[in-house]
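1. Everything below, folded, please.
(one chain, ligands or ions: 4)
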Amino acid sequence: MLCWAPMQDDTTIHPSQCWECNTYCGSLVTMRDGAIVKIAPNPDHPNSRGAFCVKGIRAVREWTDNDSRLTHPLRRTGPRGGGKWERISWDAALDEVADRMAAVRGAHGPLALAGAVSGAAFSRGTIMALLMRSLGSPNWLINQDLCGGCQALSEKITGIAMKNGEDIDHARCAMLVGRNPQAADPAQWMALKRLKQRGGRIVTIDPMGGPAADLADLWLRPYPGSDAALALAIAHLLIRDDRYDSEFTARWCHGFERYAARAAEFPPDVAARLTGVDEADIAAAADLYADGPSVFVPGHGIDAFSAGVQTFRAFDCLVAISGNLDRRGGNRLARRPKGMRTYLDLLHDPKFRLPLDIEKQTIGARQFPLWAGPEGWQTACHNPSVIDAILTGDPYPVRAMYISGVNIAVTYPNSARTIEALQSLDFLVVASQTMTPTAGYADIVLPKTTTLEEEEVQLQPGAPCVSYTRALVAPRGEARCDLDIALGLRDALAKRRALSEDFLPWPTMRAFNEYLLGDSGISIAELAKTGFAVFPYTLGDFEARGFATATGKVELYSERLAALGLDPLPGYTPPRAAREPQAVMDAFPLVLLTGIREKTYHHSRFRDQPWARKVSPDPTLQIHPDTAAAHNIADAQWVAVRTPGMANSCRLRAVVSDRAPPGVVATGMGWWDPDAASADKGALDININGALSYAGPWDPVSGSPDAHGLRCRIEPLHPTA
Ligand SMILES: Nc1nc2c(c(=O)[nH]1)N[C@H]1C(S)=C(S)[C@@H](COP(=O)(O)OP(=O)(O)OC[C@H]3O[C@@H](n4cnc5c(=O)[nH]c(N)nc54)[C@H](O)[C@@H]3O)O[C@H]1N2
Ligand SMILES: Nc1nc2c(c(=O)[nH]1)N[C@H]1C(S)=C(S)[C@@H](COP(=O)(O)OP(=O)(O)OC[C@H]3O[C@@H](n4cnc5c(=O)[nH]c(N)nc54)[C@H](O)[C@@H]3O)O[C@H]1N2
Ligand code: SF4
Ligand SMILES: [Mo]
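-> Ligands and ions are numbered 1, 2, ... in the order given. Now for the predicted structure:
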């Protein structure tokens, strides 16, 4: 039986959910005469519990109502990237897109078509994949090699799907690793503050100072990229002193002896040397973590780098052996109501698959089989290899793209090369709400709905619950949602006999969402009353559920990695910054972190909102006073950042403070300037990805590049303003 939360009586206040980011905060939206009057947090929401942020309250509304909103389809009139457009009808747009895609398909085959989207955390990812499959192409790009992909693959390999299942509210100790929830996740941040108020303890592992370090009882500052050695050292101490869960380990873990032997290679003195953290602090972290229940709270700081999967493996295995897996106050395993389907289920459902021999040709599948292609986590491509394929025709030509819900000219490393690839396509169509740098290079731009105009159903593993986003207002102008656009393209392509199959059987988003809810017994009508549905579950029901690995156990020793010839045990790889040739180290003496979140922006979004630009007008670079002095850089001065092998640099404004350790500089991501005169709209100027390479080294499992922890050098720019 499902338990339902109390219902709202007041019909002018609609419970909904913000899905601007995957915190999915519950909201209460006040409507009058069909217009939104107010968006407020929903204190009853089981996951967010009243947490919310300025993006959900303000930015989304302004994004929806902004003058810069795209309200009708556009066709390029001048050269690509020239900024000249004419208004066209949807029929004309869909006809032209279908003609051009059918032509590419005819000339080069279906595999020459690729889609790009953010990933399967939202409905648009699955819809994009199924549209591309309908056209006969397995090629779709997600941005999760840069976001959460290392965590996801570690969990897949280890057999413990526990992302977002952190039970902070019942933990005695929280261990934050590369996580900055004050800016990134208000629900998690509130939970951590509640934990502190209850007298719980926080260990923060982060090279940078800031709110997470300030909240901590113990703050460890490892060299960027060295965290795996810390996790292995803590595991070693727990095993050595018999403070691990021997019962769970004996029954449910595969390869404990070999894992213990690996951990024994990392006694505290060795880990101290590798990470720069004091031996005593490593021991103190082990003591706090051993005094559980303890919850591991990971973030982007240990994802999206070339040793990300193994780093996550080191922490994931620690969670398992310490007995904190699926324990109250630990890391809960993902659950769902019986009969409900997830986006990932749809991607892997044999009903919606292309023939295996075609899926095997997914770009990147050969090199990264656990990431790309039929066996891959989301079955998507390896992005940098697709950019290469566009520019070189190797392994085969990719000549047309449909991009929706991702701003790849800004958010993929090496913007110049991404833009070159986009410019060289035979055809590019982009669906977007505003004219992003990526949309600026399109032949056709399609106007997209915002999250206030769309219905979405989410399974939240954290609470856990199923939550619901209501389509609150009618789409502005002629904007359409991703499914509408996909169905229009499908039909237009079918008319041109350019469809392989139809994998989009849902006529509306409602039908799609009902399909996801399946036989769960949860209906949209009931979800709409409260905004969510909670469902019963039993923690620690390992006998009933087992683990999704070949051995049916938590694989401390991964049989799959062994079969692929990769390190089957969690391992430590020296940070990239320490592995470069001496000449590179000399020329690029500093270590660069990117991606530090700001409350005002969501990646590259909301860059055209005056209030946000007032709060955060310029991209910044955090520099330690000693580093600044050594480089003759004053606070607020503009500096150029360069990384090895890249012709282009990035302009950032120095913030001199001791948040960054000496020798490390840190910046955000997603910067561009809607008012810039250049075609790239600042993507090659103030965007850190303009100065980064996407050419590897890549994580051997996920194919992730180093979005942080790489070498750089900085130069002051004059004049200083
Ligand atoms: N306001 C806002 N919120 C957001 C987003 C946004 O753009 N804006 N984006 C959303 C998305 S998609 C994501 S992925 C999340 C990301 O949010 P988080 O997971 O919190 O990630 P970041 O803010 O990138 O970085 C977290 C911390 O990692 C540290 N770090 C960097 N390198 C290392 C390292 O080698 N080791 C360790 N231990 N720490 C390191 C950084 O110093 C930083 O403090 O935020 C989400 N929430
Ligand atoms: N160097 C470096 N690069 C990074 C990172 C880093 O830390 N450092 N972080 C990475 C991370 S964690 C992430 S998640 C990515 C983010 O990369 P992106 O996903 O490209 O970032 P956004 O700015 O959120 O871009 C989403 C685009 O989709 C539009 N959009 C928003 N919602 C919808 C929707 O519902 N439907 C459609 N069709 N469009 C929508 C927005 O207008 C925007 O143009 O960047 C990654 N890139
Ligand atoms: S954290 Fe902010 S943007 Fe993310 S879901 Fe919550 S309110 Fe929306
Ligand atoms: Mo992300």
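2. With adjacent residues omitted, what lies nearest to the residue of the stretch 601-721 of the chain found nearest ligand 3?
-> As assessed by CB to the nearest ligand atom, ligand 3 sits closest to His602 within the stretch 601-721 of the chain, at 6.3 Å. Bear in mind the C-beta positions are built from the backbone N, C-alpha and C, glycine included. Nearest non-adjacent residue to His602, counting by CB to CB, 6 or more residues apart in numbering: Lys55, 5.4 Å away.
3. So the residue nearest the centre of the chain versus ligand 1, what's the distance?
-> Note on the chain: the residue nearest the mean C-alpha position is Cys147, at 3.2 Å, using CA atoms, centre = their mean. From Cys147 across to ligand 1, the span is 5 Å (CB to the nearest ligand atom, to the nearest Å).
4. can you confirm that residue is in a strand?
-> No: according to DSSP: H, G, I helix; E, B strand; the rest coil, Cys147 belongs to no strand; its state is coil.
5. Hmm, it is touching Gly299, no?
-> No: using CB atoms under 8 Å, Cys147 makes no contact with Gly299, being 10.7 Å away.
6. how many other residues sit next to Thr204?
-> Thr204 has 28 neighbouring residues, counting by other CB atoms under 10 Å.
7. where does the stretch 151-300 of the chain come near ligand 3, residue by residue?
-> Contact residues, the stretch 151-300 of the chain versus ligand 3 (CB under 6 Å from any ligand atom): Pro186.
8. near ligand 1, which residues of the stretch 151-300 of the chain show up?
-> Residues of the stretch 151-300 of the chain lying near ligand 1 (CB under 6 Å from any ligand atom): 177-181, 183-185, 205-208, 210, 222, 224-225, 227, 299-300.
9. Just the closest residue of this protein to ligand 3, please.
-> For the chain, CB to the nearest ligand atom, closest residue to ligand 3: Gly56, 2.4 Å.
10. Chain neighbours aside, what residue packs nearest to that residue?
-> Cys18 (3.8 Å).
11. in stretch 663-677, what's buried?
-> Under the neighbour-count criterion of 16 or more other CB atoms under 10 Å, stretch 663-677 has 663-673 buried.
12. Quickly check: it near ligand 3 or not.
-> No: using CB under 6 Å from any ligand atom, stretch 663-677 stays clear of ligand 3, coming no nearer than 14.0 Å.
13. Averaged pLDDT, that stretch. What do you get?
-> Averaged over stretch 663-677, pLDDT sits at 97.
14. next one: stretch 143-163
-> 97.
15. All the strands of the stretch 251-400 of the chain, residue numbers only.
-> All strands of the stretch 251-400 of the chain, identified by DSSP state E, counting those that start in this stretch, fall at 253-254, 294-298, 400-404.
16. Quick check: neighbours of the second one in the sheet, parallel or antiparallel?
-> Here the strand partners of strand 294-298, with direction, are listed using DSSP bridges: strand 173-177 (parallel).
17. elements contacting whichever helix or strand comes after the partner strand?
-> Downstream of strand 173-177, the first helix or strand assigned by DSSP states H and E is helix 181-184. Helix 181-184 sits against helix 186-197, helix 211-215, with contacts defined as 3 or more CB pairs under 8 Å, 6 or more residues apart in numbering; DSSP states H and E.
18. Look up how far Arg597 lies from the closest residue to ligand 1 within the chain.
-> Using CB to the nearest ligand atom, the single residue of the chain nearest to ligand 1 is Gly301, 2.1 Å away. According to CB to CB, to the nearest Å, Gly301 and Arg597 sit 11 Å apart.
19. before we move on, back to that, could you identify the most distant pair in the buried residues of stretch 663-677?
-> Gly663 and Asp673 (30.0 Å; CB to CB).
20. export the longest helix seen in the chain as PDB, just CAs?
-> Across the chain, the helix with the greatest residue count (assigned by DSSP state H) is helix 90-108. C-alpha atoms of helix 90-108 as PDB (Å, rounded to 0.1, in the frame of the first residue of the first chain):
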ATOM      1  CA  TRP A  90       6.800  25.400 -37.000                       C
ATOM      2  CA  ASP A  91       5.700  23.500 -40.100                       C
ATOM      3  CA  ALA A  92       8.400  25.200 -42.200                       C
ATOM      4  CA  ALA A  93      11.000  24.500 -39.400                       C
ATOM      5  CA  LEU A  94      10.100  20.800 -39.000                       C
ATOM      6  CA  ASP A  95      10.000  20.400 -42.800                       C
ATOM      7  CA  GLU A  96      13.400  21.900 -43.200                       C
ATOM      8  CA  VAL A  97      14.900  20.000 -40.300                       C
ATOM      9  CA  ALA A  98      13.500  16.700 -41.700                       C
ATOM     10  CA  ASP A  99      14.700  17.500 -45.200                       C
ATOM     11  CA  ARG A 100      18.200  18.200 -44.000                       C
ATOM     12  CA  MET A 101      18.400  15.300 -41.600                       C
ATOM     13  CA  ALA A 102      17.000  12.900 -44.200                       C
ATOM     14  CA  ALA A 103      19.600  14.100 -46.700                       C
ATOM     15  CA  VAL A 104      22.400  13.400 -44.300                       C
ATOM     16  CA  ARG A 105      20.900  10.100 -43.500                       C
ATOM     17  CA  GLY A 106      20.600   9.200 -47.100                       C
ATOM     18  CA  ALA A 107      24.200  10.300 -48.000                       C
ATOM     19  CA  HIS A 108      26.000   8.900 -44.900                       C
END
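21. Against which helices or strands is the host helix or strand of Ala640 packed?
-> Assigned by DSSP H and E, Ala640 falls within strand 638-642. If contacts are counted by 3+ CB pairs under 8 Å, 6+ apart, strand 638-642 sits against strand 620-623, strand 650-656, strand 710-716.
22. rerun that using 7 Å as the cut-off
-> If you count contacts as 3 or more CB pairs under 7 Å, 6 or more residues apart in numbering; DSSP states H and E, strand 638-642 packs onto strand 650-656, strand 710-716.
23. before we move on, the earlier item: direction included, what does the very next helix or strand once past the longest helix of the chain pair up with?
-> Going down the chain from helix 90-108, the next helix or strand is strand 113-116, by DSSP H and E. Next to strand 113-116 in the sheet, as set by DSSP bridges, lie strand 140-141 (parallel), strand 400-404 (parallel).
24. Does ligand 2 have contacts with strand 113-116?
-> No: Strand 113-116 does not reach ligand 2 (CB under 6 Å from any ligand atom); its nearest approach is 8.8 Å.
25. what do you get for stretch 374-383?
-> No: against ligand 2, stretch 374-383 shows no contacts by CB under 6 Å from any ligand atom, the least distance being 10.5 Å.
26. buried stuff in that stretch?
-> In stretch 374-383, counting by 16+ other CB under 10 Å, buried: 374, 376-383.
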